[in-house]
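Undergrad: Next input, structure requested:
(one chain, ligands or ions: 1)
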Amino acid sequence: MTHTRDSFHSRIGFVLAAAGSAIGLGNIWGFPTQAANNGGGAFLFVYLLVTLLLALPALYAEIYIGNQAQKNPVAALKDACQDSLPNVGKYAGIIGLCGAIMMLSFYTIVAGWMLAHALSAFTELLGLTSISQWLSTSSTERNLLFTPLFILLGAAIIHQGVNAGIEKWSARLMPLLLVMLIGLIIYILRQPGAEKGLALYLIPDFSQVTNPKLIISAMGQAFFSLSIGVGGMMVYGSYMQKGKDIGKLALSITALDTFIAFMAGLLIIPALFVAQEAGVKVFSNNELIGEGQLIFRILPELFNSMGDVGLIVSSCFFLLLSIAALTSTISSTEVPVSYLMEDKSFTRSKATWLVSFVVLCASMLLIAFFDELFGLVIRLLTTILQPLSCLFYFIVVGWLWNRGNKLRDKSLQEGRKWLPLWGNYLRFVCPLLLTVVFVNVAILN
Ligand code: PHE
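TA: Okay, the predicted model is just below:
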């Protein structure tokens, strides 16, 4: 059975969907937490460097492979390696697919926390204090309720298809998130203690920038934030017509995503210090307390200080974050869904439910062994699997993919002077740089 492939109706549809995938919890929860844990300004500096030198080219390579193949990531990588190592391509695609499931297994848990906090503020507003308390306190029961709820919401959207579901949902909510971020930044910067956070965030301590733990965290965060290395951007690239200027597209997505992460840091890091000034214990031995959970103590603190309006702001803020998380899970889910539809003849609906069920099982496993697995899965995905996948994309684009690859084919490069240069950068510099980072970190660890 053949399916007509879904596609984005316009260039802007692609940009919105891809930016929707990139902008998510990674920006607002992951980036500030990592930056605060790794010296603030030094982390920001290395993060920007890695984004420009490695993550942006990897995003380009990933979209390019998908766009040329017009197929799901497993088939696209197999096609690109057709002349040399088709099976290696296929298995790399399948590993990426497993990465997408790994991403979903913890991401849906954190997204569930966002939903719970949005509802907590709302119920407080209605005077239902005990329910609100329960919703804002982390517990296994709360995870068991909100993670499946979130997975169900995602499935309901994916199941409608790319242009009906994804394009519409990815659309115009992000500007709203930005407006809220700006408003909150203005508010927090006027509170006592904020200037300490601002200084920590904006003035890098250059003695820290060679710290291997910092470098690997910054790289993982950059790859995670741009959604690269699991095939999500590849599948979106495949839903776009050929012939678009992928360089420009990748650059706009990177700029948007990095800007939002930067702004989130500008809010959260000063907010940590404002909370500290107000007597909340935030750091212990220079590390944030409670793996990744701290912003859920800091942000409510901030909203509380605003009085009743704070409840409305809190509810809207967490709701917008839940929506941002939803648009990010869509691209990851689309990776196995597109594979099952195109290569295994599933209907979209069947593929969606099967993938959602697998994600549900994986996230339940994480909830059951939270202390052992949660941090481990995040580290495995972001600091090992995603960078290795990106290394593979560079090798594919630079070395393995012969026919139809404009970056390597001299006859296809006429009149586009930057293309050979860019091709050589992807071919020689990127894999080398990535390997150097890996080897250094492995030795220095
Ligand atoms: N980039 C998303 C975020 O920052 C997360 C993501 C990772 C989405 C990998 C898809 C694939 O929240």
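
Undergrad: Residue numbers of this protein in contact with the ligand?
TA: Within reach of the ligand by CB under 6 Å from any ligand atom, the chain has these residues: 21-22, 24-27, 103, 224-225, 227, 230, 232, 328, 331-332. Any C-beta I mention is one placed from the backbone N, CA and C, and that applies to glycine too.

Undergrad: In helices, which of the residues you listed fall?
TA: The helices, defined by DSSP state H, take in S21, A22, L25, M103, F224, S225, G232, S328, S331, S332 from the residues of the chain next to the ligand.

Undergrad: what about the fifth one, how many residues close to it?
TA: Neighbour count for F224, taken as other CB atoms under 10 Å: 27.

Undergrad: got a list of what P431 touches?
TA: P431 makes contact with L391, F394, I395, G398 under the criterion CB atoms under 8 Å, 6 or more residues apart in numbering.

Undergrad: TSV for the ones in helices among the residues of the chain next to the ligand, including pLDDT and distance to G310?
TA: Shown next, in TSV, are these (pLDDT from 0 to 100; distance: CB to CB, whole Å):
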residue	pLDDT	distance to G310
S21	92	30
A22	96	29
L25	95	22
M103	98	32
F224	97	30
S225	98	28
G232	97	35
S328	92	26
S331	90	33
S332	95	33
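
Undergrad: Just the buried residues out of the residues you listed, in PyMOL syntax.
TA: This is how PyMOL selects the buried members of these, with burial counted by 16 or more other CB atoms under 10 Å:
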select buried, resi 21+22+25+103+224+225+232+328+331+332
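
Undergrad: So which of the ones in helices among the residues of the chain next to the ligand is the closest to L85?
TA: Minimum distance to L85 across these is 23.2 Å, recorded for G232 (CB to CB).

Undergrad: Isn't that closest one up against P336?
TA: No - the criterion here is CB atoms under 8 Å, and G232 misses it with P336 at 10.6 Å.

Undergrad: so where do the helices sit in the stretch 251-400 of the chain?
TA: Under the criterion DSSP state H, counting those that start in this stretch, helices of the stretch 251-400 of the chain are mapped to 295-304, 308-344, 348-368, 370-379, 386-395.

Undergrad: and of the ones you listed, who's closest to M180?
TA: Here helix 308-344 is closest among the helices of the stretch 251-400 of the chain (CB to CB), at 5.7 Å.

Undergrad: Run the angle between the closest one and helix 348-368 for me.
TA: In terms of direction (axes from the mean of the first three to the mean of the last three CA atoms, to 10 degrees), helix 308-344 departs from helix 348-368 by 120 degrees.

Undergrad: List phi and psi for the residue of the stretch 151-300 of the chain found nearest the ligand.
TA: Taking CB to the nearest ligand atom, the ligand has its nearest neighbour within the stretch 151-300 of the chain at S227, 3.6 Å off. With angles defined as degrees, to the nearest 10, S227 sits at phi 60, psi 30.

Undergrad: Quick check: the gap between it and A368.
TA: Plainly put, S227 is 27 Å away from A368 if you go by CB to CB, to the nearest Å.

Undergrad: got it, and I63?
TA: Separation of I63 from A368 (CB to CB) stands at 37 Å.

Undergrad: the more surrounded of the two?
TA: Applying other CB under 10 Å to I63 and A368 shows that I63 carries more neighbours, namely 27 against 12.

Undergrad: Leaving out chain neighbours, which residue sits closest to R403?
TA: Once flanking residues are discounted, R403 sits nearest to D83: 6.6 Å by CB to CB, 6 or more residues apart in numbering.

Undergrad: Run through the chain and note the low-pLDDT ranges.
TA: Residue ranges of the chain with pLDDT under 70: 1-4, 162-172, 290-291, 444-445.

Undergrad: quick one: the strands in it?
TA: Using DSSP state E, the strands assigned to the chain run over residues 283-284, 287-288.

Undergrad: hey, which of the ones you listed is tucked in deepest?
TA: The highest mean neighbour count among these, using mean count of other CB atoms under 10 Å, belongs to strand 287-288: a mean of 15.

Undergrad: Which strands or helices does it pack on?
TA: helix 31-37 (3 or more CB pairs under 8 Å, 6 or more residues apart in numbering; DSSP states H and E).
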